[in-house]
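> Below is the sequence, then the predicted model.
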Amino acid sequence: MTASTLPLVIQGGMGIAVSNWNLARAVSLTGQLGVVSGTALDTVFVRRLQDGDLCGSIRRALAHLPLPGVADEMIRRYWRPEGRAAGEPYRLLPMYRQTVSAMRERVTIAANFVEVWLAKEGHAGRVGLNLLTKVQLPTLASLYGAMLAKVDVVLMGAGIPREIPGVLDAFAERAPAAIRLDVIGDAGHEPEYLRFDPADHQAPGAAPLERPQFFAIVAAHSLAANLARKASGRVDGFVVEGATAGGHNAPPRGAGTLNDRGEPVYGARDEVDLQAMRDLGIPFWLAGGVGSPEGLRTARALGATGIQVGTAFAYADESGIAPELKASVLRAVADGSVDVFTDPRASPTGFPFKVVRAAGVPEQGDDRTRICDLGYLRSAYRRSDGRLGYRCASEPVAQYVAAGGAEEDTVGRRCLCNGLTAVIGQAQERAGGPAEAPLLTSGDGVRDLTPFAERAGGYTAADVVRYLLG
C-alpha cells in the first residue's frame with residue numbers, strides 16, 4: 001500500500017472469530033481494511049467442520065490450499081456432514097506446546113489459510129490478520145497459513161512483536177523462522193525458541209510468497225519508537241490503542257489504583273505522545289473511543305492516517321457474535337442499560353479485560369467448574385527438573401499450584417478461551433452440567449451505538465463505514 005491507498009478505517013481484529021471472514025470481506029469490499037482474527041482460529045475451524053460446514057465455504061476454500069493432501073486430511077478428520085448431535089461435545093485439538101506434530105501444524109495452517117482466502121474471495125480489496133503476541137505457540141504456523149492465502153497486512157499487539165517482521169521476511173522466501181519463547185523462571189537457562197520450517201509442509205521448489213505489511217498495535221509511543229528502531233525487519237504502520245478499546249487493555253502506568261467500581265484508573269502517564277508518533281515518519285491509526293465521524297476527523301487533524309474501529313463492527317450483521325447476544329446488547333444500548341466493566345482480574349494474562357454486561361447476556365461466573373482444555377493463554381515455565389511445563393491461572397487451582405503458580409493469582413480469573421468461543425455460538429458442551437457460558441467483550445464505545453441500535457432489523461458493516469466516513 002502506498003500513502004495514497006492507505007485505509008482511513010481499519011476494522012479491528014476481534015477474537016475469537018468475532019472478526020470472521022464474513023465481516024472482514026464486507027469491510028474490504030468498501031475499500032477499507034477488513035481484518036480477520038487469528039486467535040484460536042484452528043479451534044474455530046475444526047468446530048465449523050464438526051457443525052457440518054452447511055454453506056460449504058470451508059471446503060470450498062480448502063480446495064485451494066496449495067499443500068498436497070492437507071485439504072483431504074482436514075475433511076477426513078473433522079468434517080461431520082450431519083453435524084453434531086444435540087448435547088454432543090466438540091472434538092478437541094491437542095493443546096499447543098513448544099513442539100507439536102506436523103498434523104497439528106497443518107490444522108493451524110489450514111485454518112488461517114481458509115479464513116483469509118474466504119475474506120479475499122472474489123474481489124481485490126485488502127485483508128489483514130490480527131494475532132496476539134501473548135498467544136505465542138500457534139503464531140508461526142498461523143502466519144504461514146495466512147501468507148499462503150496472500151494476506152495483505154499482519155497486525156499484532158498484546159506484547160512486543162519485535163521478531164515478527166523478520167519472520168514475514170523469511171516466510172516470503174519459504175525459509176525457516178524462529179521466535180523466542182517466553183518462559184517463566186528461565187533465568188540461568190539457555191533461551192527456548194519456537195521454530196517453523198515451510199519445507200516440512202510445502203512441495204519442493206515452491207515459488208516465493210508476497211511479504212505482507214506489518215502493523216504493530218501499541219499503547220505507548222516509546223514502544224513504537226523501540227519497534228521502529230529494533231524490530232527484526234520493516235514495520236509499516238502502528239495502531240495506537242487507548243484504554244477504552246475492547247478486549248485486553250495495557251495495564252495503567254500509575255500506582256495500580258482502582259476506582260469505586262473496582263476498575264483500573266488511567267491517567268496522564270497513559271496518554272500517547274502523538275507528536276512523537278508523527279516524528280517517527282511511519283503511518284499510524286488511532287484506536288479506542290474514536291469510532292465516529294468526529295473521531296476520524298480528530299485523528300486526521302492530529303496527524304493519524306485514520307482510525308481502527310472494533311465495537312461498531314462487532315454488532316454488525318456480518319460479525320461472528322451469536323445473533324441473540326447481538327440483539328440483547330443492542331436493546332440494552334437503546335434503553336441505556338448496557339455496561340462495560342474493565343475487570344482487572346478476569347484475564348489470566350494479568351492484563352485488564354473489558355466485559356459487557358446487559359440484560360439477556362449470560363456471563364461466565366465464579367461458579368464455573370474450572371477446566372483448561374483449549375490452552376491458548378497457557379504460559380511456559382521452567383520445571384524443577386529443567387523441562388518446560390505449561391500453566392494458566394484460569395485452570396483448576398490445585399493444578400495451577402502444583403505447576404508452581406501462586407494460589408492468589410487464580411482469584412477472579414475467567415476462562416477466556418471457552419468464554420469467547422461461546423460468544424460465537426461454539427460453546428463446548430459439558431457432561432453433567434451446562435454448556436460453557438459466554439464472556440462478551442467490547443470497548444467503552446458500545447454505549448455510543450445508539451444510531452445503530454435504533455435501526456430496525458440490524459445494520460451492516462457497510463453501514464458502519466458510511467457512518468464513519470460521514
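Sure thing, it's come through.

> mind listing the strands in the stretch 251-400 of the chain by residue range?
Ranges of strands in the stretch 251-400 of the chain, per DSSP state E, counting those that start in this stretch, are 284-287, 306-309, 339-343, 353-357, 379-382, 388-391.

> Thr139: which of those is closest?
strand 379-382 (13.4 Å; Cβ to Cβ). For glycine as for every other residue, the C-beta is placed from the backbone atoms N, C-alpha and C.

> Show me what the closest one pairs with in its sheet, parallel or antiparallel.
Listed by DSSP bridges, the sheet partners of strand 379-382 and their directions read strand 183-184 (parallel), strand 388-391 (antiparallel).

> Just send those back as a markdown table, with mean neighbour count, distance to Leu258 and mean pLDDT too.
Listed next are these as a markdown table, based on neighbours: other Cβ atoms under 10 Å; distance: least, Cβ to Cβ, whole Å; pLDDT from 0 to 100:
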| stretch | mean neighbour count | distance to Leu258 | mean pLDDT |
| --- | --- | --- | --- |
| strand 183-184 | 16 | 26 | 94 |
| strand 388-391 | 19 | 26 | 96 |
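
> Format those as JSON lines; extra columns: distance to Val154.
Listed next are these as JSON lines, based on distance: least, Cβ to Cβ, whole Å:
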{"stretch": "strand 183-184", "distance to Val154": "24"}
{"stretch": "strand 388-391", "distance to Val154": "25"}
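
> For Pro94, which of these is the nearest?
Of those, nearest to Pro94 by Cβ to Cβ is strand 388-391, at 12.1 Å.

> Contacts for the closest one, please.
Applying Cβ atoms under 8 Å, 6 or more residues apart in numbering, the external contacts of strand 388-391 come out as 95, 97-98, 183, 192, 375, 378-383, 399-400, 403-405.

> ok, now stretch 273-289?
3, 6, 10, 12, 215, 217, 221, 224-225, 228, 235-245, 295, 299, 302-310, 443-445.

> returning to what we had before: Ile16: which of the strands paired with strand 379-382 is closest?
strand 388-391 (19.4 Å).

> Output that closest one as CSV - backbone C-alpha positions only.
Extracted C-alpha coordinates of strand 388-391, given in CSV (Å, rounded to 0.1, in the frame of the first residue of the first chain):
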residue,chain,number,x,y,z
LEU,A,388,9.2,-27.0,30.2
GLY,A,389,5.7,-27.1,31.7
TYR,A,390,2.6,-25.1,30.9
ARG,A,391,0.1,-23.4,33.2
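
> thinking again about what came up before, I'd like to know which of the strands paired with strand 379-382 lies nearest to Thr108.
Nearest to Thr108, of these and by Cβ to Cβ, is strand 388-391 at 17.0 Å.

> can you give me the offset of that closest one from its chain's centre?
23 Å (Cα atoms, centre = their mean, to the nearest Å).

> Show me the strands in the stretch 101-250 of the chain, by range?
Using DSSP E, counting those that start in this stretch, the strands of the stretch 101-250 of the chain run over residues 127-132, 153-157, 177-181, 183-184, 192-196, 213-218, 237-241.

> Pick the most buried one from these.
Ranked by mean neighbour count, those are led by strand 127-132 with a mean of 28 (mean count of other Cβ atoms under 10 Å).

> contacting residues for the nearest residue to Ile10 once chain neighbours are set aside?
In this structure, Ile10 finds its nearest non-sequential neighbour in Gln308, 4.1 Å apart by Cβ to Cβ, 6 or more residues apart in numbering. Residues in contact with Gln308, defined by Cβ under 8 Å, 6+ apart, are 9-12, 239, 241, 285-287, 290.

> and Gln308, how far is that from Val240?
9 Å (Cβ to Cβ, to the nearest Å).

> Any regions of the stretch 51-200 of the chain where pLDDT drops low?
In the prediction, the stretch 51-200 of the chain carries no residues with pLDDT under 70.

> Try it again at 90.
157-159, 185-189 (pLDDT under 90).

> okay, now the closest residue to Arg253 other than its chain neighbours: neighbour count?
Nearest residue to Arg253, sequence neighbours excluded (Cβ to Cβ, 6+ apart): Arg269, at 4.2 Å. Neighbourhood size, Arg269 [other Cβ atoms under 10 Å]: 9.
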